[in-house]
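> Turn this into a structure:
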Amino acid sequence: MTAPTHETYPLGLRLDGRSVVVVGGGPVAARRTRGLLDAGAVVTVVSPFACEDLAELLAAHGPGTTGHAAAHGPAAGPARDGRLAWVRRDYLTGDLDGAWLVHTATGDARVDAEVAADAEADRVFCVTAGDAERATAWVPAVARTLVPGAPGTAEAEVTVAVNAGRDPRRAVRVRDAVAALLETGELPLRPVRPAPPDAGPAAPAAQAGSGSEAFPAGAVTAPLVRPVGSVALVGGGPGDAGLISVRGRRVLAEADVVVVDRLAPRALLAELGDDVVVVDVGKTSGNHPVPQDEINRILVHHALVGRRVVRLKGGDPYVFGRGGEELDACRAHGIPVEVVPGVTSAVSVPAAAGIPVTHRGLSRGFTVLTGHEDVGKVPAASDHTVVLLMGVSRLGETAAALVAQGRSPETPVAVVEDGYGPRQRTTVGTLATIAERAREADVRPPAVTVVGDVVTLSAAWPPRTPPAPR
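Sure, this is the predicted structure:
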């Protein structure tokens, strides 16, 4: 079987300081010239005229030009770098002498053909805007995305270049789709090449729960050479992988270490590279295998050895997420911290069950508590919703406290289990009955409890029975 023959050989060119000729003075030539100047090339434009965009480039980058270019340029401005010259006449054989690359975009097929023929004779690659068949090179659709460099290095640039069978519109669509995935973190962004030798020795990575240490014993100390990394406190939303923010997904894709909670969107962990350290610090009711002080030390240690650390939480980092404590611990060691907000389960989980925490005519405000606090202190008004997080085990005590504070025993209550998860379920009752109904239904955490008339808007609330006819 004969191997397929490809029409092009994809290649990146370093044009910094190298001579490139652009033949033509219209908008296409101007676009090509701008891109070449951005790449550092020394450009000569051959054309009897220059469009306005090209004239602006000449004013910014050309030597002391006169005529059309000067008329359209600013009277005064920053010093020109002299990388753009204008030969103000028609193209002549010999204009390509010394060029590494040529673009022709005159709009005149005869002239473009002459330029292509001269380029072929001079063994110079030629891009012909008007006739791709004559070209020996094509300009792809390009997108550039800044991504993290190796620790201790500046940001790097990922360049996406797409050729699509001489169909430029298709190339643009493919380029835009790939660029969007890079921007949202749905494609891998972490550097793979190790840090330069002078960045200092790398600390050994460890997987929590694997029997190895996640950080060295004793006081946390900074290494002598390796630059400090960073920490991002990321709210992952109520648990569904699609409900994390675009920024949250982006920093997760850049992470070297992910310190994850039990209620975070753990499905996203499957997208991480094999070399990403995942430290599981999940807590359940009454079971905190990794105390908060130790979590703080894990974050600080990994950041001090130059890693990008993501603290991936459920909900929002600052809504009963202890994100403030982690922020203080990192700042005390001079570690830069970014806080990425998340959709709190206090609002989103009730919404998943069809319950708005406020609703005109039913609720004018709401209070969020952990379920372990003195709920008797919250407003007893019937138009004020109470949202309880982590309160399943004390549901009976909580309901009794609310009644004692002045709420009606008939106040509607809903318990929403595993919001947005595979076992999402809503159990409804009143303050007088909800504890017993939750026991009968074997309600288990994670669950969010909503107290107030807004519960009646849920599809789980039984419809009102019309009065019997007399």
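> Spatially nearest residue to residue 166, not counting backbone neighbours?
residue 132 (5.2 Å; CB to CB, 6 or more residues apart in numbering). No exception for glycine: its C-beta is placed from N, CA and C like everyone else's.
> can you count the residues close to that neighbour?
A count of neighbours around residue 132, defined by other CB atoms under 10 Å, yields 11.
> next one: residue 38
When neighbours are counted by other CB under 10 Å, residue 38 registers 10.
> Give me the distance between it and residue 52.
Distance of residue 38 to residue 52, computed by CB to CB, to the nearest Å: 19 Å.
> if we can go back for a sec, pretty sure the residue nearest to residue 166 sits against residue 168.
No: contact status for residue 132 versus residue 168: not in contact, 9.4 Å apart, counting by CB atoms under 8 Å.
> residue ranges for the strands of the stretch 1-150 of the chain, please.
In the stretch 1-150 of the chain, strands defined by DSSP state E, counting those that start in this stretch lie at 19-23, 42-46, 84-87, 101-104, 125-128, 141-147, listed in chain order.
> Tell me which of these is the most buried.
Burial of the strands of the stretch 1-150 of the chain is given as mean neighbour count (mean count of other CB atoms under 10 Å); strand 101-104 ranks first at a mean of 27.
> Enumerate every residue touching residue 441.
The contact partners of residue 441, taken as CB atoms under 8 Å, 6 or more residues apart in numbering, are 425, 427.
> need the helix or strand of the chain with the lowest average pLDDT.
Ranked by mean pLDDT, DSSP states H and E, the helix or strand of the chain with the weakest confidence is helix 68-72, at a mean of 40.
> how about JSON lines for the strands of the stretch 1-150 of the chain, with distance to residue 449 and mean pLDDT added?
What follows is these, written out as JSON lines (distance: least, CB to CB, whole Å; pLDDT from 0 to 100):
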{"stretch": "strand 19-23", "distance to residue 449": "68", "mean pLDDT": "97"}
{"stretch": "strand 42-46", "distance to residue 449": "68", "mean pLDDT": "97"}
{"stretch": "strand 84-87", "distance to residue 449": "68", "mean pLDDT": "96"}
{"stretch": "strand 101-104", "distance to residue 449": "67", "mean pLDDT": "96"}
{"stretch": "strand 125-128", "distance to residue 449": "66", "mean pLDDT": "95"}
{"stretch": "strand 141-147", "distance to residue 449": "43", "mean pLDDT": "84"}
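> Ok, which of those strands comes nearest residue 58?
Each of these was scored for nearness to residue 58 using CB to CB, and the closest is strand 84-87 (5.6 Å).
> List the strands paired with the closest one, with their directions.
For strand 84-87, sheet partners with direction are given as strand 42-46 (parallel), following DSSP bridges.
> chain center to stretch 235-249: distance?
10 Å (CA atoms, centre = their mean, to the nearest Å).
> Could you list the buried residues of that stretch?
Under the neighbour-count criterion of 16 or more other CB atoms under 10 Å, stretch 235-249 has 235-241, 243-245, 248-249 buried.
> what's the answer for stretch 153-165, then?
By neighbour count on 16+ other CB under 10 Å, the buried set for stretch 153-165 is 160-163.
> what distance separates the start and the end of that stretch?
37 Å (CA to CA, to the nearest Å).
> Give me the residues contacting that stretch.
Around stretch 153-165, the neighbours that count as contacts under CB under 8 Å, 6+ apart are 8, 10, 12, 138, 140-149, 170-172, 174-175, 178-179, 182, 189, 191, 195-196, 199.
> before we move on, what about stretch 419-438?
Counting contacts by CB under 8 Å, 6+ apart, the residues outside stretch 419-438 that touch it are 238-240, 243, 345, 348-350, 352-353, 392, 395-396, 399, 402-403, 407-418, 441, 443, 446, 448-449, 451, 455, 458, 460-462.
> Was I right to think residue 265 contacts residue 237?
Yes: with contact defined as CB under 8 Å, residue 265 and residue 237 form a contacting pair (6.5 Å).
> end to end, how far does stretch 320-338 reach?
Using CA to CA, the span of stretch 320-338 from its first residue to its last is 18 Å.
> How about residue 445, nearest residue that isn't a chain neighbour?
In space, and not counting its chain neighbours, residue 445 is closest to residue 392: 5.1 Å by CB to CB, 6+ apart.
> quick one: that neighbour and residue 52, what's the gap?
In this structure, residue 392 and residue 52 are 69 Å apart, going by CB to CB.
> So for these two, which sits in the more crowded spot?
Between residue 392 and residue 52, residue 392 has the larger neighbour count (other CB under 10 Å), namely 21 against 10.
> want to throw the strands of the stretch 1-150 of the chain into TSV with distance to residue 153?
Formatted as TSV, these follow (distance: least, CB to CB, whole Å):
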stretch	distance to residue 153
strand 19-23	29
strand 42-46	28
strand 84-87	32
strand 101-104	30
strand 125-128	32
strand 141-147	11
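> so the closest residue to residue 119 other than its chain neighbours bridges to which residues?
In space, not counting the residues next to it along the chain, residue 119 is nearest to residue 126; the distance is 3.6 Å by CB to CB, 6+ apart. In this structure, residue 126 bridges to residue 102 when assessed by DSSP bridges.
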